[in-house]
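Asks: model this:
(one chain, ligands or ions: 1)
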Amino acid sequence: MKTRGSELVVRALEDAGARFAFGIPGTHNIELYDALHRSEQVFAVLVTDEQSAGFMADGVSRTSTSVGVVNVVPGAGITHSLSGIAEAYLDGIPLVVLACGIRNDTGRAYQLHDIDQLALLRPVTKACLTPATPDDLYQVVRQAFDLARAGTPGPVAVEIPANFYLLTHEVAAHETYSPATTVAIVASDAIAEAARLLDGATRVLLYLGYGARNAGAALVAIAEALGSPVATTIQGKGVFPEHHPLWLWNGLGRSAPPFVRTVAGECDVMLAVGCRFGEVGTGSWGFTPPATLIHVDINRDVFHRNFPATLAIEADASAFAAALLPLITPRGEWGDATEHMAVGHRDLRELVMRERSETGVTPAVLFDGLQQRSPDAIYATDSGNGTFLGMEHLRLDAPGRFLAPVDFSCMGYAVPAAIGAKLANPTRDVVALPGDGALLMTGLELATAASYSLGVVVCVLRDGELAQIAQFQRTALGREENSVLPPFSVESLAATVGAEYVACRQDAHVPAALDRAFEVARGGRPVMVEVAIDYSRKTFFTSGVVASTFWRLPWSDRVRMLGRAVSRNLQRLD
Ligand SMILES: Cc1ncc(C[n+]2csc(CCOP(=O)(O)OP(=O)(O)O)c2C)c(N)n1
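Replies: Modelled structure (predicted):
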């Protein structure tokens, strides 16, 4: 039969369950946009900058069963979208990138947008697929979705020459696709050994990453059977319900409050599931696991990289948890760990609510206000203090509610990721928490939100500087360098993009500001709440990372840095 590649691609997207394709059209892919227009399932979303296409698609993938699609023109569309794709790659989020290629049927050199784009995409994708003929398109696009979801998820690119979209081709058998079936096999002797180590422990510490997100109920049952305190990584926030008496913290060691260190210090076996012990999640390796570490992950490459495992088990988290649960011996009593944790959490809450800001908004008051008004909201944070404040103040009971750029840690994530999440979850409240620096990168995307009537609440953490870095600079250098932002008006920006503006300058403003924000957003209009955030109380995370990084320096550099910071601070006092 005769058809165009654009039609085949749209059919493949539909059959793979795609719902949103983010990008900006160009001459190369106008036929694809035309075909998308006819689709009743896949909606083409026009972004203001392709950087956001990756972040929005990421927001869809993190909050729904659908894989987000990036749909861009050759060359410039690819280079702009790389940051979003790289974030998804390092955070393990499935995406499909429809990377349009230049025409491969003209024999011409120096075509518009002609660069070696696969060389750019390879380091930030799981695979780059190149259909050889239009006949391959349906099959290859379907395969891209399966690859993106398989194992540790991530982005998969398909380079589609422009002529495949544009021209009419004779194709045969274009809609056949038989996915390769994989069966998760868990080695039973390894599980039995894990059960033996866990049963023999004085106290087990569970440490859960994003890779454990589908194993929630079984992991809760394991924790309850063993009476184990449960910590998660940053990305694993919500994998274990945070109102559960066995929930400890998102992180361990120097980057956690003292009571967390005490409770974790009493554990002699760690069961780590679906995590990689990466730099950010561990607060720059600010803890050492107990002597016995059982490490379970679907990707064997993560084992023994940062911490040697006593027992490494290559398995899907839910298959592992289901197989382990019947083998462990329930302990009955949870012991005194739950009391320590309850007291620790209560004291911490009293402390953060007591220490009120005199100049601006106390973070605890802001997060309290958000949680009271919307117990079920999805949060998208940004590279900056917002991620760590959100992590420490929010209590979430399910995964898929804390979208944070963790391992690539790319500024500009929060607003577009929130838009993607809102598209995929139109009836849920979605709150973005960008710093004012991050807002300058992708805040214009609120014009996209306004044009599609997406009521996201954007709490702009406004302090006039790139605080996460300025705070490091003040500690290490004794002064900040190039981290003060130029003045700009959030109110004018809101008016420009069609968002409602709400000012929130002190704690007393929080209730009315948030009431108004949710009212506007639930009516389908984006809203920017300019929050004069008070960052003076450092997060446990930031203090811990500074300390861990500092103590790893050679002693001579420690002395040099300390000396410089002290002398500059003294000069300032003069
Ligand atoms: C694209 C990119 N550029 C630079 C950085 C380094 N960086 C990390 S956090 C940060 C400061 C962010 O400032 P802001 O958005 O105002 O948030 P705040 O730190 O004030 O909470 C910077 C510059 C980064 N992570 N990503």
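
Asks: can you pull out the strands in the stretch 151-300 of the chain?
Replies: Here the stretch 151-300 of the chain has its strands, by DSSP state E, counting those that start in this stretch, at 155-161, 168-170, 204-208, 230-232, 247-250, 269-273, 292-297.

Asks: so what does the fifth one touch, helix or strand wise?
Replies: Under the contact criterion of 3 or more C-beta pairs under 8 Å, 6 or more residues apart in numbering; DSSP states H and E, strand 247-250 touches strand 230-232, helix 258-265. Bear in mind the C-beta positions are built from the backbone N, C-alpha and C, glycine included.

Asks: other SSEs contacting the longest one?
Replies: The criterion is 3+ C-beta pairs under 8 Å, 6+ apart, and the helices and strands that helix 258-265 contacts are strand 247-250, helix 337-354.

Asks: most packed of the ones you listed?
Replies: By mean neighbour count, with neighbours taken as mean count of other C-beta atoms under 10 Å, strand 247-250 ranks first of the helices and strands packed on helix 258-265 at a mean of 27.

Asks: chain center to that one: distance?
Replies: Mean-position distance between strand 247-250 and its chain equals 18 Å (C-alpha atoms, centre = their mean, to the nearest Å).

Asks: how about stretch 393-403?
Replies: For stretch 393-403, the separation from the chain centroid amounts to 11 Å (computed by C-alpha atoms, centre = their mean).

Asks: then stretch 205-212?
Replies: 15 Å.

Asks: end to end, how far does that stretch reach?
Replies: 15 Å (C-alpha to C-alpha, to the nearest Å).

Asks: hmm, who's touching it?
Replies: Residues outside stretch 205-212 that contact it (C-beta atoms under 8 Å, 6 or more residues apart in numbering): 91-92, 152, 219, 222-223, 226, 228-233, 235-236, 239-240, 248, 252, 264, 267, 269-276, 281, 289-290, 297-298, 317, 321, 399.

Asks: from those, which would you call buried?
Replies: By neighbour count, with 16 or more other C-beta atoms under 10 Å, these hold 91-92, 152, 219, 222-223, 226, 228-233, 235-236, 239-240, 248, 252, 264, 267, 269-276, 281, 289-290, 297-298, 317, 321, 399 as buried.

Asks: what about stretch 156-171, start to end distance?
Replies: Using C-alpha to C-alpha, the two ends of stretch 156-171 sit 24 Å apart.

Asks: in it, which residues are buried?
Replies: Neighbour-count burial for stretch 156-171 [16+ other C-beta under 10 Å]: 156-166, 169, 171.

Asks: identify the residue spatially nearest to the residue of the chain found nearest the ligand, adjacent ones excluded.
Replies: Residue nearest to the ligand within the chain: residue 435 (1.9 Å; C-beta to the nearest ligand atom). Distances taken as C-beta to C-beta, 6 or more residues apart in numbering place residue 384 nearest to residue 435, at 3.8 Å, with adjacent residues excluded.

Asks: neighbours around that neighbour, how many?
Replies: By the measure other C-beta atoms under 10 Å, the count of residues near residue 384 is 26.

Asks: just residue 257 next, same as before
Replies: Neighbour count of residue 257, defined by other C-beta under 10 Å: 18.

Asks: kindly report the residues of the stretch 251-400 of the chain close to the ligand.
Replies: Residues of the stretch 251-400 of the chain found near the ligand (C-beta under 6 Å from any ligand atom) are 382-386.

Asks: just these now: which is nearest residue 113?
Replies: Taking C-beta to C-beta as the measure, residue 113 sits nearest to residue 383 out of these, at 29.0 Å.

Asks: hang on, that closest one packs against residue 407?
Replies: No. Residue 383 is beyond contact range of residue 407, at 10.8 Å (criterion: C-beta atoms under 8 Å).

Asks: compare neighbour counts for these two and give me the winner.
Replies: Neighbours per residue, other C-beta under 10 Å: of residue 383 and residue 407, the larger number sits with residue 383, 26 against 19.

Asks: show residues contacting the helix or strand where residue 440 lies.
Replies: Using DSSP states H and E, residue 440 falls within helix 436-442. The list of residues contacting helix 436-442 from outside it, by C-beta under 8 Å, 6+ apart, reads 49, 51-52, 55, 382-384, 386, 411-416, 434, 458, 460-466, 485, 488, 490, 493.

Asks: next one: stretch 489-499
Replies: With contact meaning C-beta under 8 Å, 6+ apart, stretch 489-499 is reached by 436, 439, 443-444, 446-447, 449-451, 458, 460, 462, 500-501, 503, 525-528, 530.

Asks: 7 Å instead, please
Replies: Here stretch 489-499 makes contact (C-beta atoms under 7 Å, 6 or more residues apart in numbering) with 443-444, 446-447, 450, 460, 462, 500-501, 525-528, 530.

Asks: from those, list just the buried residues.
Replies: Among the contacts of stretch 489-499, those that count as buried by neighbour count (16+ other C-beta under 10 Å) are 443-444, 446-447, 450, 460, 462, 500-501, 525-528, 530.

Asks: so which of those residues are in strands?
Replies: Using DSSP state E, the members of these that fall within strands are 460, 500-501, 527-528, 530.

Asks: adding distance to residue 395, write those residues out as TSV.
Replies: Converted to TSV, these look like this (distance: C-beta to C-beta, whole Å):
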residue	distance to residue 395
460	23
500	28
501	29
527	24
528	25
530	25
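
Asks: next, give me the two most distant ones among those.
Replies: Top of the distance list for these (C-beta to C-beta): 460 and 500, 12.8 Å.

Asks: isn't the residue of the chain closest to the ligand up against residue 387?
Replies: No. Assessed by C-beta atoms under 7 Å, residue 435 is found out of contact with residue 387, at 9.6 Å.

Asks: name the SS class of the nearest residue to residue 403 once chain neighbours are set aside, please.
Replies: Spatial nearest neighbour of residue 403, excluding adjacent residues (C-beta to C-beta, 6+ apart): residue 380 at 4.3 Å. Here residue 380 is strand, with the state taken from DSSP: H, G, I helix; E, B strand; the rest coil.

Asks: got the contact list for residue 380?
Replies: 59, 403, 414, 417-418, 421, 430, 432-433.

Asks: measure it to residue 573 for me?
Replies: Separation of residue 380 from residue 573 (C-beta to C-beta, to the nearest Å): 40 Å.

Asks: what of residue 304?
Replies: 49 Å.

Asks: between those two, who's got more neighbours?
Replies: Taking neighbours as other C-beta under 10 Å, residue 304 and residue 573 compare with residue 304 leading, 12 against 5.

Asks: now pLDDT and distance to residue 537 too, for the ones in strands among the buried ones among the contacts of stretch 489-499, in TSV please.
Replies: Shown next, in TSV, are these (pLDDT from 0 to 100; distance: C-beta to C-beta, whole Å):
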residue	pLDDT	distance to residue 537
460	98	19
500	98	30
501	98	27
527	98	27
528	98	24
530	98	20
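
Asks: correct me, but residue 49 touches residue 81?
Replies: No. Residue 49 is not in contact with residue 81 according to C-beta under 7 Å; the separation is 9.0 Å.

Asks: neighbour count: those two, which is higher?
Replies: Shown here are residue 49 and residue 81; by other C-beta under 10 Å, residue 81 has more neighbours (34 against 19).

Asks: residue contacts, that one?
Replies: Contacts of residue 81 by C-beta under 7 Å, 6+ apart are 50-51, 53-54, 70, 72.

Asks: which element is it on?
Replies: According to DSSP H and E, residue 81 maps onto helix 76-91.

Asks: pull the distance from that helix to the chain's centre.
Replies: 14 Å.

Asks: now stretch 482-489
Replies: Distance, centroid of stretch 482-489 to centroid of chain: 26 Å (C-alpha atoms, centre = their mean).

Asks: pull out the buried residues from that stretch.
Replies: Buried-residue list, stretch 482-489, by 16+ other C-beta under 10 Å: 483, 485.

Asks: can you get me the start-to-end distance on it?
Replies: End-to-end distance for stretch 482-489, by C-alpha to C-alpha: 20 Å.

Asks: next: stretch 374-382.
Replies: 20 Å.

Asks: on that earlier part again, can you state the direction angle for the helix holding residue 81 and strand 155-161?
Replies: Calculated by axes from the mean of the first three to the mean of the last three C-alpha atoms, to 10 degrees, helix 76-91 forms an angle of 160 degrees with strand 155-161.
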